[in-house]
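[1] With the input below, show me the fold.
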Amino acid sequence: TVTNSLDCDDQNASVHPGATEICGNGIDDNCNGQIDENCTSNIRFTIADKAKLEGNGPRTISFIVKLSKASTQTVQVSYATQNITALAGPDYSAKTGTLTFAPGVRKQTINITINGDRIVEPDETFRILLSNPVNASMPDGEAIGTIINDDATAVAATVEPTNTAAKSVTVTTGLKVSPNPATTTLYVQLTGYKGNVTLQLR
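    Next comes the predicted model:
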């Protein structure tokens, strides 16, 4: 070991100017005054879009958040849901939180509850947004969740015009009330109705 004014730790032969920075050891390996610099440049978050049939009750859509490679440091990222055409409350449960990746861990899961029903409606979507990355970069921090309608497309009814033969037409109506049971707020969604609609709540 040679003592000089450039070496920041004369007692450690692997620590010296020009040494390779070892991520996660908490040491200024190259004596430039920084610890673990450039350790996040090659580690990236990814999250993929997911879709699921809505079913007729609570179901779970699982979003997988991955690191491009294992890290020697603890990695974190925050997440939150955001409405697109699906509404937090009647269609899915809003959720926020923080994922923590211990050193060596590459995958974490965000589970979102969707509220299935028997109402005919278009497919509905929401976002998962990642933010505030720690010890990793985030080139793409968004995923789309799609709730796929799995109810019948329509109900066929017979009508009889006054001056023509009876014929079959397609009528699409729907009533969605959620959550059930409700505590403070009740959502009522009507589809395909014309004119005034009266609901009796008991």
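
[2] Nearest the middle, which residue of this structure would you pick?
    For the chain, the residue nearest the mean C-alpha position is residue 128 (3.0 Å; CA atoms, centre = their mean).

[3] partner residues bridging it?
    When bridges are taken as DSSP bridges, the partners of residue 128 come out as residue 81, residue 143.

[4] Settle this for me: it is touching residue 49, isn't it.
    No: here residue 128 does not reach residue 49: they are 9.1 Å apart, not a contact under CB atoms under 8 Å. Every residue, glycine included, has its C-beta placed from N, CA and C.

[5] what do those two both touch?
    143, 144, 145 (CB atoms under 8 Å, 6 or more residues apart in numbering).

[6] Filter those residues down to the buried ones, PyMOL style.
    A single PyMOL command selects the buried members of the shared contacts of residue 128 and residue 49 (16 or more other CB atoms under 10 Å):
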select buried, resi 143+145
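
[7] For the shared contacts of residue 128 and residue 49, could you give me JSON lines that also reports pLDDT and distance to residue 29?
    Formatted as JSON lines, these follow (pLDDT from 0 to 100; distance: CB to CB, whole Å):
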{"residue": "143", "pLDDT": "96", "distance to residue 29": "36"}
{"residue": "144", "pLDDT": "96", "distance to residue 29": "42"}
{"residue": "145", "pLDDT": "96", "distance to residue 29": "43"}
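
[8] Distance of residue 116 relative to residue 127?
    As judged by CB to CB, to the nearest Å, residue 116 and residue 127 stand 20 Å apart.

[9] ok, the shared contacts of residue 128 and residue 49 vs residue 91, which is closest?
    Using CB to CB, the shortest approach to residue 91 within the shared contacts of residue 128 and residue 49 belongs to residue 145, at 10.1 Å.

[10] wait, isn't that closest one in contact with residue 123?
    No: here residue 145 does not reach residue 123: they are 10.7 Å apart, not a contact under CB under 8 Å.

[11] thinking again about what came up before, and the residue nearest to the centre of the chain, what does it touch?
    By CB under 8 Å, 6+ apart, the contact list for residue 128 reads 47, 63, 79, 80, 81, 82, 110, 112, 142, 143, 144, 145.

[12] which of these count as buried?
    Neighbour-count burial (16+ other CB under 10 Å) is assigned, among these, to 47, 63, 79, 81, 110, 112, 143, 145.

[13] Mind checking which of these are in strands?
    Per DSSP state E, strands hold the following members of these: 47, 63, 79, 81, 110, 112, 143, 145.

[14] between those, which is nearest residue 13?
    Closest approach between these and residue 13, by CB to CB: residue 47, at 42.5 Å.

[15] For residue 80, which non-adjacent residue is spatially closest?
    Closest residue in space to residue 80, ignoring its immediate chain neighbours: residue 96 at 4.3 Å, by CB to CB, 6 or more residues apart in numbering.

[16] All set, thanks.
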